[in-house]
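In: With the sequence up front, the predicted model follows.
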Amino acid sequence: MKKLWNVINQLRTGKSMKNRIYLMLLILINIIIGGAIWLLIGRLLLPGIEWLICFMGYPAVFIGFFGGVLYLYNHEFA
């Protein structure tokens, strides 16, 4: 999370825009990771589009969004 924030922090935009970009990218990264895990493991054990949505959705919401919001709240940025 810190590496992603360091890259975004170098942009020449306002704090609120940096926060939005950070959260959107973190959610997107977690969606991709969840989909990749489903392709590797879940496709054989848990077939179906419902499981794909679960593998992509839960990490995006809990790790991506809530984790990103908690990271932004707990760190003070210059």
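Out: Looks like it arrived, so ask away. Computed from a predicted structure; not experimentally measured.
In: Please make it C-alpha for all contacts and neighbour counts, starting now.
Out: Noted.
In: got the contact list for Ile32?
Out: Counting by CA atoms under 8 Å, 6 or more residues apart in numbering, Ile32 touches Met56.
In: what's the spacing between the helix or strand hosting Leu25 and its chain's center?
Out: Element membership of Leu25 [criterion: DSSP states H and E] is helix 15-37. Counting by CA atoms, centre = their mean, to the nearest Å, helix 15-37 is centred 3 Å from the centre of its parent chain.
In: can you check stretch 40-54 too?
Out: Averaged over its C-alpha atoms, stretch 40-54 has a centre that lies 19 Å from its chain's centre (CA atoms, centre = their mean).
In: returning to that earlier point: mind listing what's buried along the helix holding Leu25?
Out: Going by neighbour count (16 or more other CA atoms under 10 Å), the buried part of helix 15-37 is 18-19, 22-23, 25-31, 33-36.
In: Any stretches of this protein with poor pLDDT?
Out: Confidence mapping of the chain against pLDDT under 70 gives the ranges 77-78.
In: Need the phi and psi values for Thr13.
Out: Recorded main-chain torsions at Thr13 are phi -130, psi 180, according to degrees, to the nearest 10.
In: Contacts only, for it.
Out: By CA under 8 Å, 6+ apart, the contact set of Thr13 is empty.
In: Pull the helix holding Leu25 out as CSV, backbone CA atoms only.
Out: Listed in CSV are the C-alpha atoms of helix 15-37, where the atom choice follows Å, rounded to 0.1, in the frame of the first residue of the first chain:
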residue,chain,number,x,y,z
LYS,A,15,-5.2,15.6,-1.7
SER,A,16,-8.8,14.5,-2.4
MET,A,17,-8.0,13.5,-6.0
LYS,A,18,-4.9,11.6,-4.8
ASN,A,19,-7.1,9.8,-2.3
ARG,A,20,-9.7,8.9,-4.9
ILE,A,21,-7.0,7.6,-7.4
TYR,A,22,-5.4,5.6,-4.6
LEU,A,23,-8.7,3.9,-3.6
MET,A,24,-9.7,3.2,-7.2
LEU,A,25,-6.3,1.7,-8.0
LEU,A,26,-6.2,-0.4,-4.8
ILE,A,27,-9.7,-1.7,-5.5
LEU,A,28,-8.8,-2.5,-9.1
ILE,A,29,-5.6,-4.3,-8.1
ASN,A,30,-7.6,-6.5,-5.6
ILE,A,31,-10.2,-7.3,-8.2
ILE,A,32,-7.4,-8.5,-10.6
ILE,A,33,-5.7,-10.6,-7.8
GLY,A,34,-9.0,-12.2,-6.8
GLY,A,35,-9.8,-13.0,-10.4
ALA,A,36,-6.3,-14.5,-10.9
ILE,A,37,-6.7,-16.7,-7.8
